[in-house]
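> Structural data only, the sequence is not supplied:
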């Protein structure tokens, strides 16, 4: 069965410090990997994705993510956090042979304190 | 270009009542999805439609039905609402037939309370 894990329910970081939100996956084949952000009372917004190629992908709002095939991880990172980055973050995967489905992690709440 | 729109934004139902949640997208996407979001459980797929004329069950389909009315519209129906269906419902769309590397676009959600 396909699964996505976000091991931290909540991540706290001070403004200006680097942040990391973790994601690991267990799927068959080579997945496509995505990060989404959800602000309060809003739908999910796409941040970035990994399809193939360079393991470090850059996305919206200064976020980037590192794909690690051996560790089956796709951690979201930002060099310098902003208070406005505070939101709920979801990792998702799409797998070969079943492109119709996305599998989501349970979400990580990021709190950036001034 | 409105993206994905959902109606209504809020709804309160009594147990046993029925209702239909509407979703439309203007991005010419083939695939459309319905999810529910509950605290601590992320998004769970209810139903999806890979293309116009097809629908399939997701992870939690019980108590729901769907209709892919045309390429733009995908509705979700609760025939007899139950308190366990209190949730936030999201519709999403994606280009699902071009190798799978396209992301999903989400609507703003419908907050449903069943009393």
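Yep, that arrived. Predicted model only: the values in this text are computed from it and were never measured.
> hey, let's count contacts and neighbours off CA atoms from now on
OK.
> and residue 92, what does it touch?
All of this refers to chain A. For residue A:92, the contacting residues are A:4, A:33, A:34, A:35, A:36, A:102, A:103, A:104, A:105, by CA atoms under 8 Å, 6 or more residues apart in numbering or on different chains.
> Can you look at chain B instead?
Residue B:92 neighbours (CA under 8 Å, 6+ apart): B:4, B:32, B:33, B:34, B:35, B:104, B:105, B:106, B:107.
> So what sits opposite residue A:57 in the bridge?
Bridge pairing for residue A:57 (DSSP bridges) gives the partners residue A:65.
> Chain A against chain B: which residues are in contact?
Within chain A, the positions near chain B by CA under 8 Å from any CA of the partner chain are A:32, A:34, A:41-46, A:49, A:51, A:90, A:94-96, A:99-100, A:104-107.
> Of these, grab the buried ones for ChimeraX.
Typed into ChimeraX, the next command selects the buried ones out of the residues of chain A next to chain B (criterion: 16 or more other CA atoms under 10 Å in any protein chain shown):
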select /A:32,34,43,44,45,46,49,51,90,94,95,96,99,100,104,105,106,107
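> out of the residues of chain A next to chain B, which are inside strands?
A:32, A:34, A:44, A:45, A:46, A:49, A:90, A:94, A:95, A:99, A:100, A:104 (DSSP state E).
> Excluding sequence neighbours, find me the nearest residue to the second one.
Excluding the flanking residues, the one nearest residue A:34 by CA to CA, 6 or more residues apart in numbering or on different chains is residue A:49, at 4.3 Å.
> Residue A:113 now?
residue A:14 (4.8 Å).
> in stretch B:36-45, what's buried?
Within stretch B:36-45, the residues scored as buried using 16+ other CA under 10 Å are B:36, B:37, B:42, B:43, B:44, B:45.
> tell me the phi and psi of residue 21?
Answering for chain A, as no chain was given. Main-chain dihedrals, residue A:21, degrees, to the nearest 10: phi -120, psi 120.
> Let me rephrase: I mean chain B.
The phi/psi pair for residue B:21 (degrees, to the nearest 10) is phi -100, psi 130.
> Tell me which residues touch the residue of chain B found nearest chain A, please.
Of all residues in chain B, the one sitting closest to chain A is residue B:42 (3.9 Å; CA to the nearest CA). Residues counted as contacts of residue B:42 (CA under 8 Å, 6+ apart) are A:90, A:104, A:105, A:106, A:107.
> Please work out how many residues are found near the closest residue to residue B:31 other than its chain neighbours.
Sequence neighbours aside, residue B:50 is the residue nearest to residue B:31 in space, at 4.4 Å (criterion: CA to CA, 6+ apart). Residue B:50 has 23 neighbours, counted by other CA atoms under 10 Å in any protein chain shown.
> ok, residue B:50 to residue B:71 distance?
Computed as CA to CA, to the nearest Å, the residue B:50 to residue B:71 distance reads 10 Å.
> Am I right that residue A:61 is in a helix?
Yes: with DSSP: H, G, I helix; E, B strand; the rest coil as the criterion, residue A:61 is part of a helix.
> So it versus chain B, what's the distance?
Applying CA to the nearest CA, to the nearest Å, the value for residue A:61 to chain B is 17 Å.
> go on, residue A:30?
Residue A:30 sits 12 Å away from chain B, going by CA to the nearest CA.
> Test my guess that that residue contacts residue A:95.
Yes: using CA atoms under 8 Å, residue A:30 is in contact with residue A:95, at 6.7 Å.
> ok and the residue in chain A nearest chain B?
Chain A approaches chain B most closely through residue A:106 (3.9 Å), counting by CA to the nearest CA.
> which ones are touching the residue nearest to residue A:34?
Residue A:49 touches A:32, A:33, A:34, A:35, A:57, A:59, B:103, counting by CA under 8 Å, 6+ apart.
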